[in-house]
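J.: everything below, folded, please.
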Amino acid sequence: MSWMLGIINKNSRMKTNFRRLNTIHPEPNYSLLNNQIYLVAGGLKNMCISNINEKSKGDRFIALGLGITKRNDQFDFMKLEDWQSILSDENADLTNLNGHFVTVLIKDNKVIIRNDQLGLRNIYWLETDDFIGFSSRLDWLSKIIDNSEINFKSFSSFWNLFISLSNKSSVKGINKLNPGGKLIISEDNKVENTHNYWHPNITASITGNDPISLLRDLTLFPIKNDRKIILALSGGIDSRTLLSFLLSEEKINWKTVTWGNNDSPDTIIAKKLANFYNFEHLIMNSPYQNEEACVSKLYKFISETYSFYPAYTFKELGYCSTIVNAPIYIDGGSGGFFRRSLSNKMLMTGKKFLINGDIENTYNIMKEAKADIFDKDMEMMMYEYTLNDIEKMFKSMPSIDDFGVENWVDLLYLRYKKTTNGSIMQSKMDSSLMNYMPFIQPSLLKLVFNVDVKIRKSEKMNKNILRMNKQLTKFPIAKYETIIPYTLNLYYAYGMAILTKKIKGYQKSNLDIQFLNKIPNFVQDRIDSIEVKQYPHYNYKKIRLLVNEYYKGDTRFAGQINWWLSFDIWREIISTKSIL
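T.: Here you go, the predicted structure:
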């Protein structure tokens, strides 16, 4: 990923220890090193921009990720001179920018750290008696304090619910900059931390034409600026919507890619689209390697994703690194905002609980436990922590009466889901290639939230875009792990999916099982380890039963074991002695 690590010295005793920091990060693109500060940054050239060099004086800055600005009425990626211009003012308004980014500005002996208004890129920070540290990598900061441990107070809602309702770090003693955040470290080492959650100004209902035009511009601007695009094409509606825009451009300027097996619904439909329209299409898939290679990649994956994804997903979420010399990568991620399709189950089963601010019943409709591995005391504590997060969430969100429950749920998803799982995966993708998601740009979301909910739910905007290439509506879509007709509404689609799976029997993805079958020795060694047996918050008998029953042939437990592995490896990674 494009990355950053900074340490500000508060104690002269720290001088000699600075040299040890280079053991935890790769070779940097930029570095600023003296007795007072250790600041390094690196990654892909276009994802890590800075004016720091041997001769640099005055204001110095680093920008990670991709900022998107408007130049001559056309979108473009932020360049060195763009960042230099806007960051020259420490109070510059960054809300006019699209994209995902973190910036660090050193000005007048102050360090000013900011992130994008949606919080799609993370920065973590900590303060001790000796130093102030900040980094884009949570695992690196855990290496400069002794014996870090899981912060269950902030971790619990993630583990218990399908949306984490805490925007705090999951490691004790380490803080996280919230969306639209600003961290100021003064000359005398005082720390000021503020943030402003992104909030759509809902003024009047608009038609879908403006969002369609803006989405087109946000999708195609790399081509207009002489760059090529690669679109992640699935069998779903969102990537197909973006494909409709690309079909208006010369095919030499773009291509598509699908991740997964040849017989998956997504791959089947994507291949049909590519064959019909005759555009270049890649299918990226590779089997799990041997046990040693799997374990090595797993540790790297979890060190970057902090147990927020189950262990087996290192394969499917790591495909981006296999694209060599890639152009600009885009995908249909977060297209659910455009067509108001997020968290529909929660709305159908618990709308009244949300309207009434019912904390316990909101817990029940959001519940999605990952694995049953903790003892009774910790389970009860995590339950209480989660209820507390739900209460805080209700207080932080706008009034449902003023905002509308559908928009309220979308905003909840945006503020919490996208700034936890979403931002972690965004950072990981930034390590492999230049990428962004057209659907989740602030300027587009401002318009989308002002479109009548009925228009969004009917997918009218998507349908209007697809009609630009009418044959796109003739192809079925991949949904609910099967293939169904494009024209069906939500309820008919679900019923048809159940029927189709029974008749045609599309194979459900079993990557979780494949992965565990590749690493039996690693799992057995881990369950037998003293560290696991003695971890105070585990119910060891439960975990032992899960592992034993799985390897006897009961594959129902594959999901829980994958989540346990993710948690346990993250627990191990952060539980180390400080290198300083």
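J.: and the residue nearest in space to the middle of the chain, what does it touch?
T.: Most central in the chain under Cα atoms, centre = their mean is Gly422, positioned 1.9 Å from the mean C-alpha point. By Cβ atoms under 8 Å, 6 or more residues apart in numbering, the contact list for Gly422 reads 120, 334. In this view, the C-beta of every residue, glycine as well, is placed from N, C-alpha and C.
J.: count of neighbours near Pro536?
T.: 7 (other Cβ atoms under 10 Å).
J.: shouldn't the residue nearest to the centre of the chain be within a helix?
T.: Yes. Gly422 forms part of a helix when assessed by DSSP: H, G, I helix; E, B strand; the rest coil.
J.: which pLDDT value belongs to it?
T.: pLDDT, the model's per-residue confidence, is 88 for Gly422.
J.: tell me the spacing between Ile477 and Glu459.
T.: Using Cβ to Cβ, to the nearest Å, we find Ile477 at a distance of 11 Å from Glu459.
J.: for stretch 172-188, the distance to its chain's centre please.
T.: Distance, stretch centre to chain centre, for stretch 172-188: 20 Å (Cα atoms, centre = their mean, to the nearest Å).
J.: gap between the two ends of that stretch?
T.: End-to-end span of stretch 172-188 (Cα to Cα, to the nearest Å): 25 Å.
J.: Val257 is in what secondary structure piece?
T.: strand 254-259 (DSSP states H and E).
J.: after that strand comes which helix or strand?
T.: helix 265-277.
J.: helices and strands around the following helix or strand past that following helix, which ones?
T.: Tracing the chain past helix 265-277, the next element assigned as helix or strand by DSSP H and E is strand 281-284. In terms of contacts (3 or more Cβ pairs under 8 Å, 6 or more residues apart in numbering; DSSP states H and E), strand 281-284 is packed against strand 254-259, helix 265-277.
J.: now tabulate the ones you listed in TSV and tack on mean pLDDT.
T.: Output for the helices and strands packed on strand 281-284, formatted as TSV (pLDDT from 0 to 100):
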stretch	mean pLDDT
strand 254-259	93
helix 265-277	94
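J.: quick one, which of these gets closest to Lys577.
T.: For the helices and strands packed on strand 281-284, proximity to Lys577 was assessed by Cβ to Cβ; strand 254-259 is nearest, at 38.6 Å.
J.: partner strands of that closest one, parallel or antiparallel?
T.: Neighbouring strands of strand 254-259 in its sheet, by DSSP bridges, are strand 229-232 (parallel), strand 281-284 (parallel).
J.: chain center to the last one: distance?
T.: Read that as strand 281-284. The answer for strand 281-284 is 23 Å, by Cα atoms, centre = their mean.
J.: buried residues, the helix or strand that comes right after it. List them.
T.: Counting by DSSP H and E, the element after strand 281-284 in chain order, helix or strand, is helix 291-305. Within helix 291-305, the residues that qualify as buried are 294-295, 298, 301-305, counting by 16 or more other Cβ atoms under 10 Å.
J.: and what of stretch 259-275?
T.: 259-260, 264-271, 273-274.
J.: check stretch 224-233 too.
T.: Result for stretch 224-233 [16+ other Cβ under 10 Å]: buried residues 229-233.
J.: so who does Leu347 touch?
T.: 354, 405-406, 409.
J.: save the helices and strands packed on strand 281-284 as a markdown table, and put in distance to Ile106 too.
T.: Listed next are the helices and strands packed on strand 281-284 as a markdown table, based on distance: least, Cβ to Cβ, whole Å:
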| stretch | distance to Ile106 |
| --- | --- |
| strand 254-259 | 39 |
| helix 265-277 | 46 |
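J.: number of nearby residues for the closest residue to Lys224 other than its chain neighbours?
T.: Excluding the flanking residues, the one nearest Lys224 by Cβ to Cβ, 6 or more residues apart in numbering is Gln74, at 6.0 Å. Residues lying near Gln74 (other Cβ under 10 Å) number 12.
J.: next up, the contacts around Gln74.
T.: 217, 221, 224-225.
J.: among those residues, which two are most distant?
T.: So, the contacts of Gln74 by Cβ to Cβ: farthest apart are Asp217 and Asn225, at 11.7 Å.
J.: which intervals of the protein have sub-threshold pLDDT?
T.: Filtered on pLDDT under 70, the chain yields the residue ranges 12-16, 54, 56, 204, 208, 317-326, 480, 487-509.
J.: the lengthiest strand in it pairs with which strands, and in what direction?
T.: Taking DSSP state E as the criterion, the chain has its longest strand at strand 60-71. For strand 60-71, the paired strands and their directions (DSSP bridges) are strand 48-50 (antiparallel), strand 74-77 (antiparallel), strand 98-107 (antiparallel).
J.: with just CA atoms, put that strand into CSV.
T.: The C-alpha coordinates for strand 60-71 follow below in CSV (Å, rounded to 0.1, in the frame of the first residue of the first chain):
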residue,chain,number,x,y,z
ARG,A,60,6.8,19.9,3.4
PHE,A,61,4.0,17.4,2.8
ILE,A,62,3.1,13.8,1.9
ALA,A,63,-0.1,12.7,0.3
LEU,A,64,-1.1,9.1,0.2
GLY,A,65,-3.8,7.6,-1.9
LEU,A,66,-5.6,9.3,-4.8
GLY,A,67,-7.1,12.8,-4.6
ILE,A,68,-9.5,13.7,-7.4
THR,A,69,-9.9,17.4,-8.3
LYS,A,70,-11.5,19.3,-11.2
ARG,A,71,-9.3,21.0,-13.7
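J.: pull out the buried positions in it.
T.: 60-69.
J.: stretch 28-36 now?
T.: For stretch 28-36, burial by neighbour count (16+ other Cβ under 10 Å) applies to 28-32.
J.: which one of those is nearest Lys470?
T.: Nearest to Lys470 among those is Asn29, at 47.1 Å by Cβ to Cβ.
J.: contacts only, for the closest one.
T.: Applying Cβ under 8 Å, 6+ apart, we find Asn29 in contact with 41-43, 45, 48, 50.
J.: what about 10 Å?
T.: Applying Cβ atoms under 10 Å, 6 or more residues apart in numbering, we find Asn29 in contact with 2-3, 40-45, 47-50, 52, 62.
J.: would a markdown table of those residues with secondary structure and distance to Thr203 be doable?
T.: Shown next, in a markdown table, are the contacts of Asn29 (DSSP: H, G, I helix; E, B strand; the rest coil; distance: Cβ to Cβ, whole Å):
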| residue | secondary structure | distance to Thr203 |
| --- | --- | --- |
| Ser2 | coil | 36 |
| Trp3 | strand | 40 |
| Val40 | strand | 45 |
| Ala41 | strand | 40 |
| Gly42 | strand | 43 |
| Gly43 | coil | 39 |
| Leu44 | coil | 39 |
| Lys45 | helix | 41 |
| Met47 | helix | 35 |
| Cys48 | strand | 38 |
| Ile49 | strand | 35 |
| Ser50 | strand | 39 |
| Ile52 | coil | 42 |
| Ile62 | strand | 37 |
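J.: now those: which count as buried?
T.: Neighbour-count burial (16+ other Cβ under 10 Å) applied to the contacts of Asn29 gives 2-3, 40-44, 47-50, 52, 62.
J.: output the strands paired with strand 60-71 in CSV, with distance to Arg114 appended to each entry.
T.: CSV is the format used below for these (distance: least, Cβ to Cβ, whole Å):
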stretch, distance to Arg114
strand 48-50, 14
strand 74-77, 18
strand 98-107, 5
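J.: so which of these comes closest to Asn539?
T.: Closest among the strands paired with strand 60-71, using Cβ to Cβ: strand 98-107, at 38.6 Å.
J.: still on that earlier bit, would you indicate which residues of the strand holding Val257 are buried?
T.: 254-259.
J.: wait, is Ser307 part of a strand?
T.: No. Read with three-state DSSP, Ser307 is coil and lies in no strand.
J.: quick check: it touching Phe567?
T.: Yes. Ser307 lies in contact with Phe567 (Cβ atoms under 10 Å); the separation is 4.9 Å.
J.: what do those two both touch?
T.: With Cβ under 10 Å, 6+ apart as the test, Ser307 and Phe567 both reach 150, 155, 159, 370.
J.: nothing else from me, thank you.
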